[in-house]
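J.: What follows is a predicted structure for the sequence shown.
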Amino acid sequence: MINYGFDGKVALVTGAGGGIGRAAALVFASSGAAVMVSDVKDDGGAETVALIEAAGGKAAYFHCDVSDGAQVKAMVAATVEQFGRLDFAFNNAGINILMANEYEDEVWDRAIGINLTGVMKCMREEAEAMLKTGGGAIVNTASINGLVGNPGQPAYTASKHGVVGLTRHGALRWAQAGIRVNAVCPGVIETPMTAPLVANPEMKKVIDAMTPMNRMGSADEIAQAVAWLCSDAASFVTGHPMVIDGGATAI
């Protein structure tokens, strides 16, 4: 595994109870960072912490619904109190309400509230904490659906387009304050969120065929990109929506 040289640094990862968030938390920890693991799934969050600690890393868990500003504020404060600072934040918490009518008010409000407004609430608190110690790096989870259209998911598509715009805003706002803000735009990734889709072998063949590489991506492939964007190797990268999709948007 690549060591990104994060000794003495502190990372906060939302949606870290599984999937991409867990993979990112493990990469941060393996590179020396202390990690605040956050999720609404307490069992998953506790398991991520246990995995980090079993490998010799430092981690703690904080339950947080990112759509709730008070909870987000408390999460960032707890991170600083526990570990002394905040250097990296991966705003990964999100939902994809498959097979729902996203034009329904309740579904729309929930998707936007978590996927987009939640990212905004996290960014504003994280940036405030980072400014106190000279800067840091923020990465947001968008999607290829934040760059192209999707006829079946208006709320998900709108929220992820919003994350890309919010990322660019943050990059410009804090460019001279030492905070870099980027986004990852995954294609179809094999995670617990996509597991129901690929449980059917025939459906998996269809999903694999959507990508020129003829396979789904892995959570670790996204996590490695997140860590790189936070590392000194990406010191001149900000405002960038990094596409990680096996060529799907190249078609």
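T.: Received the coordinates, thanks.
J.: can you give me the strands in the stretch 51-200 of the chain?
T.: Counting by DSSP state E, counting those that start in this stretch, the stretch 51-200 of the chain has these strands, from start to end: 59-63, 88-91, 136-141, 179-186, 189-190.
J.: To M216, which of those lies closest?
T.: Minimum separation from M216 across the strands of the stretch 51-200 of the chain (C-beta to C-beta) falls at strand 189-190, 4.4 Å. All C-beta atoms are positioned from the backbone trio N, CA, C, and that covers glycine.
J.: Which strands or helices does the closest one pack on?
T.: Applying 3 or more C-beta pairs under 8 Å, 6 or more residues apart in numbering; DSSP states H and E, we find strand 189-190 packed against strand 217-218, helix 219-230.
J.: The closest residue to G149 other than its chain neighbours and A219: what is the separation?
T.: Of all residues beyond its chain neighbours, the one nearest G149 is T157 (6.5 Å), with distances taken as C-beta to C-beta, 6 or more residues apart in numbering. Note on T157: its distance to A219, by C-beta to C-beta, to the nearest Å, is 22 Å.
J.: try K205
T.: According to C-beta to C-beta, K205 stands 21 Å off from A219.
J.: which one of these two has more residues nearby?
T.: More crowded of K205 and A219, by other C-beta atoms under 10 Å: A219, with 20 against 11.
J.: excluding its backbone neighbours, what's nearest the more buried one?
T.: Using C-beta to C-beta, 6+ apart and skipping the chain neighbours, the partner closest in space to A219 is A23 (3.9 Å).
J.: Around the one you found, how many other residues sit close by?
T.: Residues near A23, counting by other C-beta under 10 Å: 25.
J.: distance of it from T48?
T.: 10 Å.
J.: Kindly report the same for A33.
T.: Distance, A33 to T48, using C-beta to C-beta: 14 Å.
J.: just to revisit the earlier point, columns distance to N145 and mean pLDDT on top of the helices and strands packed on strand 189-190, output as a markdown table?
T.: Listed next are the helices and strands packed on strand 189-190 as a markdown table, based on distance: least, C-beta to C-beta, whole Å; pLDDT from 0 to 100:
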| stretch | distance to N145 | mean pLDDT |
| --- | --- | --- |
| strand 217-218 | 14 | 96 |
| helix 219-230 | 15 | 98 |
